[in-house]
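>>> Any chance you can model this:
(one chain, ligands or ions: 1)
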Amino acid sequence: MLDNRPTLPPEIARRRTFAIISHPDAGKTTLTEKFLLFGGAIQMAGQVRAKGEARRTRSDFMKMEQDRGISVSASAMSFEFGPYRFNLVDTPGHSDFSEDTYRTLTAVDAAIMVIDGAKGVESQTRKLFEVCRLRDLPILTFCNKMDRESRDVFEIIDEIQENLAIDVAPASWPIGMGRDFVGAYDLLHDRLEIMDRADRNKVAESIKITGLDDPRLADHIPADLLTKFREEIEMARELLPRFDRQAFLEGHMTPIWFGSAINSFGVKELMDGMGEYGPEPQPQTAKERQLDAGETKVAGFVFKVQANMDPKHRDRVAFVRLASGHFERGMKLLHVRSKKQMAVSNPVLFLAADRELAEEAWAGDIIGIPNHGQLRIGDALTEGEALHFTGIPSFAPELLQGVRAGDPMKAKHLEKALMQFAEEGAAKVFKPMIGSGFIVGVVGALQFEVLASRIEQEYSLPVRFEPSQFSSARWVQGPKTAVEKLVNVNKGHIATDSDGDTVFLTRLQWDIDRVVRDHPDIRLTATKEMM
Ligand code: G4P
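Residues are numbered from 1 along each chain as shown. All right, here's what the predicted structure looks like:
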């Protein structure tokens, strides 16, 4: 990621489009809410929040899924922060929905990694971090819950450096922890930030300091903590790298802030950091060429589809990341896959709990386009150029089950429902060559239950998932004749996915090895690009 590109138009350059990644419970929701609060998008804390644990129980999750309005407005949130325009794209919290998360991360230019100061780097943090690394996304780190007993700061930093193989540069340094937590020293601006324990929604008091010898430090920090703090800073300056913006933009270094989201502490500094150092809308890669955000023509790609937000109307919203240009409502854009023009007359922007018509939007923004199923994940919209954006992955599912409608007469109905969920990206749907019925593939078992519940709710169609003889799926790639040859001798293993692409289904790795051995021109892949 480079910062020496041609200067972007100011409206684009001020945009910061990012996601927050974390292990459940680290404080992502709380932090998001404080962002919205300080961004003026909500008036008080508690408005967008479903309680952490409750949200993750299955019944509440399904209820939330059914209550599409809420989850949709939380999918992408835009708000102003000082001179910046922030677009915060939500990543689903549940680990079963990781494919959605992967795709969401294709729509952002940076990520904030939240870790719990007592727990450090946890499994889900690591997984999500690896996805960010694949894309060299710049990452800002927020070490949360410093108002509780936390680990030693050096230990936390070491763990991130070793576990995630990234340089960590402290942007702030905490003073005390747990009950003795006073605040933090902003190392990038030489400021002392004091936490207000009385008012959880108040931004910390900020005192400009001339350096570590400034006598004013003693007015705010108890003597023993001050001595320890000075020693730590000295050590940190010796042992830890200084913040280097270029290294950060290239994804090799993460600045870390220490704070307490629930106490609003450190949040504003983190937001300032995102504004000041975070990347501008980055170039996007298409098969044909690279697109710069500053190009005058509008182009964008769909990274997420959410269907049946209003079950009565069967509408869907496609979330589009604008890759370039200045979009205005009513524009006619080319839908590259179908080669048809599409008048985008009612695009929406998501503002915290509301959505409103987007009169205009710029590269970097996320707009929602209501449609009746024309728009799919990976689709491109342009002012005429046939572009195919790359890097939006589809993963082979890890769990496969057969599915049947309770009423066999409703098979067509079921097919329609399944195709819709496939387009939405909620599941993979395979139609085997032999036999009737469908095989549904997902990443996590919870998705089967959510699907069954949604099919019943949205299509009034009770369905049954049942064990399948297959446990993995691979896309078949190769010259047409080689594919035909493979299909002919393996009919019992062949299916097509919802795009009509050929898939090899199997239970055994042995089968996969056999195909690779017997069909040298064939590649069996666990991912495919959605274009
Ligand atoms: P998540 O989205 O990453 O899953 O985390 P969430 O914000 O829901 O926070 C998880 C729990 O951690 C919540 O407690 C939340 O209040 C608490 N929390 C968040 N930030 C801080 C912090 O800075 N300090 C402390 N001490 N706690 C914090 P909960 O008991 O699950 O919910 P609640 O009853 O507090 O709302």
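
>>> can you give me the strands for the stretch 301-450 of the chain?
The residue ranges that make up the strands of the stretch 301-450 of the chain, judged by DSSP state E, counting those that start in this stretch, are 316-324, 326-328, 332-335, 340-343, 348-351, 354-357, 360-362, 366-371, 380-382, 393-395, 399-405, 428-432, 438-442.

>>> Output those strands as TSV; include the columns mean pLDDT and mean neighbour count.
C-betas here are computed from N, CA, C, even on glycine. Written out in TSV, the entries for these read as follows (pLDDT from 0 to 100; neighbours: other CB atoms under 10 Å):
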stretch	mean pLDDT	mean neighbour count
strand 316-324	93	26
strand 326-328	96	18
strand 332-335	97	18
strand 340-343	96	12
strand 348-351	76	21
strand 354-357	66	12
strand 360-362	94	20
strand 366-371	91	22
strand 380-382	98	24
strand 393-395	77	18
strand 399-405	92	19
strand 428-432	95	22
strand 438-442	93	24
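
>>> To the ligand, which of these lies closest?
The ligand sits nearest to strand 348-351 of all those, at 18.2 Å, using CB to the nearest ligand atom.

>>> Show residues contacting the closest one.
41, 72-79, 317, 355-358, 361, 365-370 (CB atoms under 8 Å, 6 or more residues apart in numbering).

>>> chain center to that strand, what's the gap?
Averaging C-alpha positions (CA atoms, centre = their mean, to the nearest Å) puts strand 348-351 17 Å from its chain's average.

>>> neighbours around D136, how many?
13 (other CB atoms under 10 Å).

>>> Check the gap between it and the ligand for me.
With distances taken as CB to the nearest ligand atom, to the nearest Å, D136 is found 24 Å from the ligand.

>>> circling back: mind putting the strands of the stretch 301-450 of the chain into JSON lines with distance to the ligand?
Rendered in JSON lines, the data for the strands of the stretch 301-450 of the chain read as follows (distance: least, CB to the nearest ligand atom, whole Å):
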{"stretch": "strand 316-324", "distance to the ligand": "20"}
{"stretch": "strand 326-328", "distance to the ligand": "31"}
{"stretch": "strand 332-335", "distance to the ligand": "35"}
{"stretch": "strand 340-343", "distance to the ligand": "36"}
{"stretch": "strand 348-351", "distance to the ligand": "18"}
{"stretch": "strand 354-357", "distance to the ligand": "21"}
{"stretch": "strand 360-362", "distance to the ligand": "27"}
{"stretch": "strand 366-371", "distance to the ligand": "20"}
{"stretch": "strand 380-382", "distance to the ligand": "32"}
{"stretch": "strand 393-395", "distance to the ligand": "24"}
{"stretch": "strand 399-405", "distance to the ligand": "24"}
{"stretch": "strand 428-432", "distance to the ligand": "27"}
{"stretch": "strand 438-442", "distance to the ligand": "22"}
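
>>> could you dump those to TSV with distance to L226?
Below are these laid out as TSV (distance: least, CB to CB, whole Å):
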stretch	distance to L226
strand 316-324	47
strand 326-328	52
strand 332-335	59
strand 340-343	62
strand 348-351	43
strand 354-357	46
strand 360-362	46
strand 366-371	45
strand 380-382	57
strand 393-395	50
strand 399-405	55
strand 428-432	58
strand 438-442	54
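
>>> so which of those strands comes closest to L217?
Shortest separation from L217 across the strands of the stretch 301-450 of the chain is recorded for strand 348-351, at 40.4 Å, computed as CB to CB.

>>> Would you mind writing the CA trace of that closest one as CSV?
Once non-C-alpha atoms are left out, strand 348-351 reads as follows in CSV (Å, rounded to 0.1, in the frame of the first residue of the first chain):
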residue,chain,number,x,y,z
VAL,A,348,-29.1,4.0,0.5
LEU,A,349,-26.5,5.1,2.9
PHE,A,350,-26.5,3.7,6.4
LEU,A,351,-26.3,6.0,9.3
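
>>> Make 14 the first number, not 1, from now on.
Will do, 14 is the new start, and the previous item becomes strand 361-364.

>>> which stretches of the stretch 214-363 of the chain have low pLDDT?
Judged by pLDDT under 70, the stretch 214-363 of the chain has its weakly predicted residues at 321-327.

>>> what does it have sitting close to the ligand?
The interface of the stretch 214-363 of the chain toward the ligand, taken as CB under 6 Å from any ligand atom, is made up of 273-276.

>>> Looking at those, which is nearest R342?
Within these, distances to R342 taken as CB to CB reach their minimum at A274, with 35.3 Å.

>>> Correct me if wrong, but R213 is in a strand.
No. Using DSSP: H, G, I helix; E, B strand; the rest coil, the assignment for R213 is coil, not a strand.

>>> can you pick the most crowded of the residues of the stretch 214-363 of the chain next to the ligand?
When those are compared by neighbour count (other CB under 10 Å), S273 ends up highest, at 29 neighbours.

>>> for R487, which residues make a bridge with it?
For R487, the beta-bridge partners under DSSP bridges are F517.

>>> Surely it and A409 touch.
Yes. At 6.0 Å, R487 counts as touching A409 under the criterion of CB atoms under 8 Å.

>>> Between the two, point out the one with more neighbours.
Neighbour comparison, R487 and A409: the larger count goes to R487, with 22 against 19 (by other CB under 10 Å).

>>> what sits against the more buried one?
Residues near R487 by CB under 8 Å, 6+ apart: 409, 516-517, 519, 525, 537-539.

>>> next one: F340
By CB under 8 Å, 6+ apart, F340 lies in contact with 311, 313, 357, 360, 371, 373-375, 378, 380.

>>> at 10 Å instead, please
Remark: with contacts taken as CB atoms under 10 Å, 6 or more residues apart in numbering, F340 is in contact with 311-313, 333, 346, 357, 360, 371-376, 378, 380, 394, 396.

>>> what do you get for L21?
L21 makes contacts with 27-28, 293-294, 305-308, 375-377, as judged by CB under 10 Å, 6+ apart.

>>> same thing with L518?
In this structure, L518 makes contact with 413, 443, 445-446, 452, 454, 481-487, 503, 505-508, 524, judged by CB under 10 Å, 6+ apart.

>>> ok, it to G391 distance?
23 Å (CB to CB, to the nearest Å).

>>> coming back round to it: switch the contacts of L21 over to JSON lines; also include distance to D180 and secondary structure.
Formatted as JSON lines, those follow (distance: CB to CB, whole Å; DSSP: H, G, I helix; E, B strand; the rest coil):
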{"residue": "R27", "distance to D180": "28", "secondary structure": "coil"}
{"residue": "R28", "distance to D180": "26", "secondary structure": "strand"}
{"residue": "E293", "distance to D180": "22", "secondary structure": "coil"}
{"residue": "P294", "distance to D180": "25", "secondary structure": "coil"}
{"residue": "D305", "distance to D180": "28", "secondary structure": "coil"}
{"residue": "A306", "distance to D180": "27", "secondary structure": "coil"}
{"residue": "G307", "distance to D180": "30", "secondary structure": "coil"}
{"residue": "E308", "distance to D180": "33", "secondary structure": "coil"}
{"residue": "W375", "distance to D180": "32", "secondary structure": "strand"}
{"residue": "A376", "distance to D180": "30", "secondary structure": "coil"}
{"residue": "G377", "distance to D180": "27", "secondary structure": "coil"}
